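1. Pasted the sequence and its predicted model underneath.
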Amino acid sequence: MSTNQAIKLAVIGRGLIGSAAARHLSKMGHDVALIGPDEPADFSRHGGVFGSHYDEGRITRSYDPGPFWRQANRAAISRYGEIAAESGVEFYREAGALHIGRSETSDVASIGRICAEDGIQCEAYHDAGLAERFPFLKSTAGMQGYFEPRNAGYISPRRLVRAQTIAAERAGARIIDEPALGLWRDDPDAIGQRRGRARSGCGGRAHPIAARPLPGLYGLWADRSAVPAWCGGDPTPGRNAIDALSRAQG
């Protein structure tokens, strides 16, 4: 896709949520640009934005006390293979998940019941049995454990973002490896105006978008301090998201 070709949707933020959103939107047939920088090569010298996915281990499991999150967890885990196949990037290890606590607590006791009711594979261990199954535990006296051997383990967040980004690009998304600095209309006075621009990077490059902006929202700058004077433009109209959205919604 040409750098001057208009796009219909701009996803700002190339992290865990943004990369997934861009992948799904692209697979649905939308013209998408995914905007956001790569992970900094040197954290100690980095002065820009930071993502929440710069690590290698997040626990993932089917069980959760809340029914919504049990459903969401299983739906997400069931798609790991699809994402890995579309991108060629492995990010998940099925190592299992152990839930452990004092036997007399209601929270621990409810785990086995909820897993049984929801059809989540779960192994129960108590005291000496827990120590035998997991010898690295220092003390298991009076403890109850429930172990999920399947559809549980951990993911690498940075590898998941990489996988989602690659899959989105293969589905047709355009990747803009720069921080987003602002959004504005080409012509704020035009009624029914549907075209706008997204400015990204310290060079202030403007990428045209064809999405309808919020009424009355002429500028929205995520981080005013990130806009160098030589980038041009005045970030004041969108001093912060709350003020800008308040004006937009009247």
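-> Looks like it arrived, so ask away. What you are looking at is a predicted structure, and each value in this text was computed from that prediction instead of being measured. Numbers count the residues shown, from 1 in each chain.
2. State the pLDDT value of the nearest residue to residue 94 once chain neighbours are set aside.
-> In space, not counting the residues next to it along the chain, residue 94 is nearest to residue 153; the distance is 4.4 Å by Cβ to Cβ, 6 or more residues apart in numbering. (Glycine included, C-beta is placed from N, CA and C.) As summarised for this prediction, residue 153 has a pLDDT of 97.
3. and what of residue 230?
-> What the model reports for residue 230 is a pLDDT of 32.
4. how about the helices in the chain?
-> Taking DSSP state H as the criterion, the chain carries its helices at 16-27, 67-77, 80-87, 106-118, 128-133, 157-170, 241-249.
5. Serialize the ones you listed to TSV and add fields for distance to residue 146, mean pLDDT and mean neighbour count.
-> What follows is the helices of the chain, written out as TSV (distance: least, Cβ to Cβ, whole Å; pLDDT from 0 to 100; neighbours: other Cβ atoms under 10 Å):
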stretch	distance to residue 146	mean pLDDT	mean neighbour count
helix 16-27	27	95	21
helix 67-77	14	96	14
helix 80-87	22	97	16
helix 106-118	5	92	14
helix 128-133	10	93	15
helix 157-170	25	96	22
helix 241-249	42	37	13
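6. Switch these over to JSON lines; also include distance to residue 98.
-> Written out in JSON lines, the entries for these read as follows (distance: least, Cβ to Cβ, whole Å):
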{"stretch": "helix 16-27", "distance to residue 98": "24"}
{"stretch": "helix 67-77", "distance to residue 98": "16"}
{"stretch": "helix 80-87", "distance to residue 98": "20"}
{"stretch": "helix 106-118", "distance to residue 98": "11"}
{"stretch": "helix 128-133", "distance to residue 98": "9"}
{"stretch": "helix 157-170", "distance to residue 98": "21"}
{"stretch": "helix 241-249", "distance to residue 98": "40"}
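7. quick one, which of those is nearest to residue 55?
-> Closest approach to residue 55 among these is made by helix 157-170 (5.8 Å; Cβ to Cβ).
8. returning to what we had before: which one of the helices of the chain lies nearest to residue 182?
-> Comparing the helices of the chain by Cβ to Cβ, helix 241-249 comes nearest, at 10.5 Å.
9. returning to what we had before: let me know which of the helices of the chain is the nearest to residue 47.
-> The closest of the helices of the chain to residue 47 is helix 157-170. By Cβ to Cβ, the value is 20.2 Å.
10. which helices and strands sit right next to that closest one?
-> Helix 157-170 is packed against helix 16-27, strand 32-35, helix 80-87, strand 174-176, with contacts defined by 3 or more Cβ pairs under 8 Å, 6 or more residues apart in numbering; DSSP states H and E.
11. okay if I get those as JSON lines plus distance to residue 8?
-> Putting the helices and strands packed on helix 157-170 into JSON lines (distance: least, Cβ to Cβ, whole Å) gives the following:
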{"stretch": "helix 16-27", "distance to residue 8": "9"}
{"stretch": "strand 32-35", "distance to residue 8": "7"}
{"stretch": "helix 80-87", "distance to residue 8": "22"}
{"stretch": "strand 174-176", "distance to residue 8": "11"}
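12. so which of the ones you listed gets nearest residue 149?
-> Within the helices and strands packed on helix 157-170, the stretch nearest residue 149 is helix 80-87; the backing value is 16.2 Å (Cβ to Cβ).
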